[in-house]
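Peer 1: Below are the sequence and a predicted model for it; my questions follow.
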Amino acid sequence: MLRLALQKSGRLAEQSVELIRDCGIRFSRADGKLRAVADNFPVELLYLRDDDIPGYVADGVAHAGIVGENVVAESGRAVEVAERLGFGRCRLSVAVPRGGDFTDLASLEGAHVATSYPRVLSRFLEAHGIGATIHEISGSVEIAPGIGLADAICDLVSTGSTLISNGLRELATVMQSEAVLIANGSLDAEASALLDALRFRVGSVMRARGYRYILLNVPDRALEEVKAMLPGMKSPTVMPLAEPGWSSVHSVIRDDEFWVILDRLKAVGAEGMLVVPIEKMVQ
Ligand code: PRT
Ligand code: ZN
């Protein structure tokens, strides 16, 4: 049985569960329960506070877990990053009062910085040769300068609106972060095989999330151009339509390329395009 730690509640909780479900793993979660066993894959889910996940995985209490890279880095625990999961994206940044005296990183010399990420921040400041005093606080970091507790802060940022509404601006990015699947580095053979099976599924789901399936009608004279635009996994499927001179083309396309290619497809006379999500993509 693979023991997998997930965030109990919070920003990563919902998408972590969704990823496991997209991997075809079925389980029901009774409210308030701290563990659940799947009924079609030998995995036990442990619901924990995110800060505890790297430690549980490093100690082998859980074999693997899903947590933000920022939490892994701050924990300082030795775990392996098995997959990057593409959600929970944010950055850890140093921010200062807008209109204040801090112009660049060097100007932080001698400053007081409040953060919940003292280890990551001190490594960063040391690497840049800056001597600043770090004040560890566990929450509401963004109000620290306003109440005179610190000159600057180091906190997670996603949209930046929290900084703006507290009169702060970003001075430097300390690290980028996203949710990752972490694993214990010395799993026994059974757990290791199960983790490989889970990673294979996670990889298929992750690949599929970045792609769309596209179907379109193409005049035969434009087929070669369209095939070059839509190479697909191996090559596109081309089937004749009932109407002479036209073919149906099926392929896969990167989600972020769709709008760019769309104009080029229309320009060569393609019609009737359908773009649909892909559930799994196995290579
Ligand atoms: O209870 P538990 O300890 O499990 O959860 P938690 O309260 O420690 O963490 P939680 O649920 O808030 O966040 C879990 C993870 O989500 C973090 O460790 C990050 O990896 C990731 N994540 C992604 C974020 C953000 N984006 C984020 N914006 N975590 C926190 N924030 C906060 C930030 O601290 C700041 O207060 O949101 C605010 C800034 O957001 P913007 O959009 O205004 O910039
Ligand atoms: Zn936490």
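Peer 2: Structure's in. What do you need? Ligands and ions are numbered 1, 2, ... in the order given.
Peer 1: Distance check, H135 against E109.
Peer 2: 16 Å (CB to CB, to the nearest Å). Yep, even glycine has a C-beta here, placed from its N, CA and C like the rest.
Peer 1: Return the residues in contact with P54.
Peer 2: G65, V67, V71, V72, S75, R77, V79, I182 (CB atoms under 8 Å, 6 or more residues apart in numbering).
Peer 1: what helix or strand is it on?
Peer 2: Taking DSSP states H and E as the criterion, P54 maps to helix 53-58.
Peer 1: After that helix, which helix or strand is next? Please name it.
Peer 2: strand 64-68.
Peer 1: and the contacts of P54 near ligand 1, which?
Peer 2: Checking the contacts of P54 against ligand 1 by CB under 6 Å from any ligand atom, the ones in range are V71.
Peer 1: Could you save the contacts of P54 as JSON lines and add columns showing secondary structure, neighbour count and distance to I253?
Peer 2: Output for those, formatted as JSON lines (DSSP: H, G, I helix; E, B strand; the rest coil; neighbours: other CB atoms under 10 Å; distance: CB to CB, whole Å):
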{"residue": "G65", "secondary structure": "strand", "neighbour count": "31", "distance to I253": "33"}
{"residue": "V67", "secondary structure": "strand", "neighbour count": "28", "distance to I253": "32"}
{"residue": "V71", "secondary structure": "helix", "neighbour count": "25", "distance to I253": "34"}
{"residue": "V72", "secondary structure": "helix", "neighbour count": "22", "distance to I253": "33"}
{"residue": "S75", "secondary structure": "helix", "neighbour count": "21", "distance to I253": "39"}
{"residue": "R77", "secondary structure": "coil", "neighbour count": "16", "distance to I253": "40"}
{"residue": "V79", "secondary structure": "coil", "neighbour count": "23", "distance to I253": "35"}
{"residue": "I182", "secondary structure": "strand", "neighbour count": "27", "distance to I253": "31"}
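Peer 1: ok so, going back, the more surrounded of H135 and E109?
Peer 2: Neighbours were counted for H135 and for E109 using other CB atoms under 10 Å; H135 has more, 15 against 11.
Peer 1: Now do stretch 271-283: distance from first to last residue.
Peer 2: 29 Å (CA to CA, to the nearest Å).
Peer 1: same thing with stretch 175-194?
Peer 2: Stretch 175-194 has its terminal residues 31 Å apart, counting by CA to CA.
Peer 1: what's the average pLDDT for that stretch?
Peer 2: Across stretch 175-194, pLDDT averages out at 98.
Peer 1: any idea how far the residue nearest to F41 when sequence neighbours are not counted lies from ligand 1?
Peer 2: Counting by CB to CB, 6 or more residues apart in numbering, F41 lies nearest to I25, which is 4.5 Å off, once chain neighbours are set aside. The gap separating I25 from ligand 1 is 21 Å, by CB to the nearest ligand atom, to the nearest Å.
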